[in-house]
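Q: After the sequence you'll find the predicted model.
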Amino acid sequence: MRDEDDQGVLDVLLDERLGAIAPPDLSARLRARWRRGDGVAAARRVASARGAAPPRAWLAAAVVVLGFGVVLAVAFLRAHGNTPGEGVPAGPAAESAAAAATSMEEGSSQQAPAGRPDRQDGAPTGNPEVELVVVDEHGGPVQSFRLTILQVDARGVQGLVPIPDLPARDVGPRDFHDGVLAISGLPEGKQVAMVEAAPYVRSFSEPFEATAPPAPRVTVRLDRGRVVTGTVLGPTKVPLAGVTVRIEPDRPFSSMPTVAALFGAATRNELAGLWTVASTATDAAGRFRFVGLVPGSYTVSVAHPSYCAAEVDGCRPAGDAPLDVQVALQAGAIVVGEVRGLDGAPVAGAEVMVSEQPAGPLPEGPVRVSRATLPQSWRTTSDGSGRFRFAVRLRPGTYKIHPVPALGDNPLESIVRIKKSTLTLTVAPGVDEVESVVTLR
């Protein structure tokens, strides 16, 4: 009866370990081998009863037979090109081994998407991270943009500073996993995600702090930006190509919201405006275009080496229609001259400054600061013969020109020297060059 039980155990093991993937005659061959060993098994039972054989010797024999059977089964499978999981159900152990092998093969031939740690799905890495989701004004996913992570720091522009180890980078659909961008490697403290994607407004997330998985999820909503277009004309009203055009926000001379007030769409729009600085060049028709601007007031600055710089402030794009700006450049004049000492000898290496004069006192209350509302100044240095030449052309008007005291001079004495050495410089319309002699006193 014990032989029948042992043979039944063998049948169960064969069915469990090999099942339908065994060759048709493998079970029969193994059972025949087992029956041929019946006599040996009986002798061993007698010896065991007499104390001459170790207990449970049959178990060792069964293990040897099973091992031999498994070797035969594996050889058969390899010869016929079948593997567990290909059209044939496999047990839990086979599924785990196949999954592990597949994971190792994929890991050796593929890299993890940028911005997401190389890990198995659902396996926490333990590293602090944050999950970012970006959507448009309708809630649809946006997966192509430029991402910058900024550290919340009161010393930066409105409390934000770039992180040296995390430069701005371009993000694409391959960086997302199930619609989520995982960002790791963040420093301690609070950060803000800045997202730039044309034609949307530059947008900021709420401040967040990365944690170990499960990571916090931050959503950034993008809105369509305002558009400013325009034309640059020369003194004869002819469109100018290749002129550099720059746009930047008019910044208020008043207290701005603190870092603690970054929560809120209105404040983040103001913040985005402060970070909005862009430049372009006019095309063959003298046209330029800026998109993705947040609502607010902007200054458009135009520069060309053959003409005076020009600025147009108070540009407020509204709605979907572009705001069109026309900028006319003037020829202006180049200021040249000589620096002399009290003895009349030329002075080499002397720094000279020329400054615009304010048109009048600044108005009371918050004032929007721009190049068009504040006086500007320019500097140059005299050469070996004491001669100087400013690189910019000045518009017709009145200016002040004076030498700049050297570093380390007594501040009070420097103020007195500047006052004594300052001259009034007039640039008349239609004049191409203005000569001035500056005396160091």
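A: Perfect, thanks for sending it.

Q: How about stretch 127-134, which residues are buried there?
A: Of the residues in stretch 127-134, those buried under the neighbour-count criterion (16 or more other Cβ atoms under 10 Å) are Pro128, Glu129, Val130, Glu131, Leu132, Val133, Val134. Glycine gets a C-beta too; all of them are placed from N, C-alpha and C.

Q: repeat for stretch 333-348
A: So stretch 333-348, judged by 16+ other Cβ under 10 Å, has buried residues Ala333, Val335, Gly337, Glu338, Val339, Arg340, Val347.

Q: Save those residues as CSV, and put in distance to Phe208 and secondary structure too.
A: Rendered in CSV, the data for the buried residues of stretch 333-348 read as follows (distance: Cβ to Cβ, whole Å; DSSP: H, G, I helix; E, B strand; the rest coil):
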residue, distance to Phe208, secondary structure
Ala333, 54, strand
Val335, 52, strand
Gly337, 57, strand
Glu338, 60, strand
Val339, 56, strand
Arg340, 62, strand
Val347, 58, coil
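
Q: I'd like those as TSV, with pLDDT appended.
A: Compiled in TSV, the buried residues of stretch 333-348 are given as follows (pLDDT from 0 to 100):
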residue	pLDDT
Ala333	93
Val335	95
Gly337	95
Glu338	95
Val339	93
Arg340	92
Val347	91
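
Q: of all those, which comes closest to Pro429?
A: For the buried residues of stretch 333-348, the closest approach to Pro429 (Cβ to Cβ) belongs to Ala333, at 9.1 Å.

Q: Out of the helices and strands in the protein, which is least certain?
A: Of all the helices and strands that make up the chain, helix 92-109 has the lowest average by mean pLDDT, DSSP states H and E, namely a mean of 37.

Q: elements contacting the next helix or strand after it?
A: Along the chain past helix 92-109, the next helix or strand (assigned with DSSP states H and E) turns out to be strand 129-135. Helices and strands touching strand 129-135, as assessed by 3 or more Cβ pairs under 8 Å, 6 or more residues apart in numbering; DSSP states H and E, comprise strand 181-184, strand 191-196, strand 217-221.

Q: try 6 Å
A: Judged by 3 or more Cβ pairs under 6 Å, 6 or more residues apart in numbering; DSSP states H and E, the packing partners of strand 129-135 are strand 181-184, strand 217-221.

Q: which residues are contacting the last one?
A: Contacts with strand 217-221, where a contact means Cβ atoms under 6 Å, 6 or more residues apart in numbering, come from Val130, Glu131, Leu132, Val133, Val134, Val135, Val195, Ser203, Ser205, Phe208.

Q: Quick one: which of these has the lowest pLDDT value?
A: Of all those, Ser203 has the smallest pLDDT value, namely 86.

Q: bridging residues for that one?
A: Val195 (DSSP bridges).

Q: so it touches Leu222, yeah?
A: Yes: in this structure, Ser203 sits in contact with Leu222. The criterion is Cβ atoms under 6 Å, and the distance is 5.3 Å.

Q: In terms of neighbours, single out the busier of those two.
A: For the pair Ser203 and Leu222, the greater number of neighbours falls to Ser203 (25 against 21), based on other Cβ atoms under 10 Å.

Q: Compute the distance between that one and Ser355, please.
A: Using Cβ to Cβ, to the nearest Å, we find Ser203 at a distance of 39 Å from Ser355.

Q: next one: Arg289
A: When Cβ to Cβ is applied, the distance between Arg289 and Ser355 equals 33 Å.

Q: What of Leu342?
A: From Leu342 across to Ser355, the span is 23 Å (Cβ to Cβ).

Q: sorry, back to before: make CSV out of the helices and strands packed on strand 129-135 and add mean pLDDT.
A: Supplementary listing: those in CSV, determined by pLDDT from 0 to 100:
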stretch, mean pLDDT
strand 181-184, 92
strand 217-221, 92
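
Q: Among the ones you listed, which comes closest to Val434?
A: Among the helices and strands packed on strand 129-135, the nearest to Val434 by Cβ to Cβ is strand 217-221 (52.4 Å).

Q: Show me the strands paired with that closest one, marking each as parallel or antiparallel.
A: Paired neighbours of strand 217-221 in the sheet (DSSP bridges): strand 129-135 (parallel).

Q: Gln330 contacts Cys308, correct?
A: Yes: applying Cβ under 6 Å, one finds Gln330 in contact with Cys308, separated by 4.7 Å.

Q: residues shared between the contacts of those two?
A: Counting by Cβ under 6 Å, 6+ apart, the shared contacts of Gln330 and Cys308 are Arg395.

Q: okay, those two: which has more neighbours?
A: Each of Gln330 and Cys308 had its neighbours counted (other Cβ under 10 Å), and the higher figure belongs to Cys308 (20 against 16).

Q: Just to check, the more buried one is in contact with Arg395?
A: Yes: Cys308 is in contact with Arg395 according to Cβ under 6 Å; the separation is 4.5 Å.

Q: Common neighbours of these two, please.
A: In the contact map built from Cβ under 6 Å, 6+ apart, the residues linked to both Cys308 and Arg395 are Gln330, Gly332.

Q: Strands of the stretch 201-350 of the chain, residue ranges please.
A: Listed in chain order, the strands of the stretch 201-350 of the chain (DSSP state E, counting those that start in this stretch) span 203-204, 217-221, 226-233, 244-249, 251-252, 278-281, 287-293, 298-303, 310-315, 323-328, 333-340.

Q: what about Pro375, neighbour count?
A: For Pro375, the number of neighbouring residues by other Cβ under 10 Å comes to 12.

Q: That one: what's it in contact with?
A: Contacts for Pro375 (Cβ under 6 Å, 6+ apart) come out as Glu356, Pro358.

Q: cutoff 8 Å now
A: If a contact means Cβ atoms under 8 Å, 6 or more residues apart in numbering, then Pro375 has Ser355, Glu356, Gln357, Pro358 as its contacts.

Q: helix/strand/coil for the residue nearest to the second one when sequence neighbours are not counted?
A: Spelled out, that is Glu356. Across the structure, with Cβ to Cβ, 6 or more residues apart in numbering as the measure, the residue nearest Glu356 apart from its sequence neighbours is Pro375 (4.2 Å). In three-state terms, and counting by DSSP: H, G, I helix; E, B strand; the rest coil, Pro375 is coil.

Q: Arg174 now?
A: The assignment at Arg174 comes out as helix when based on three-state DSSP.

Q: That one: how many residues sit nearby?
A: Residues lying near Arg174 (other Cβ under 10 Å) number 11.

Q: Could you verify my assumption that Phe388 touches Trp378?
A: No: using Cβ atoms under 8 Å, Phe388 and Trp378 do not qualify as a contacting pair, with a distance of 11.1 Å.

Q: Compare these two and say which is more crowded by neighbours.
A: Remark: of Phe388 and Trp378, Phe388 carries more neighbours, 23 against 17, as counted by other Cβ under 10 Å.
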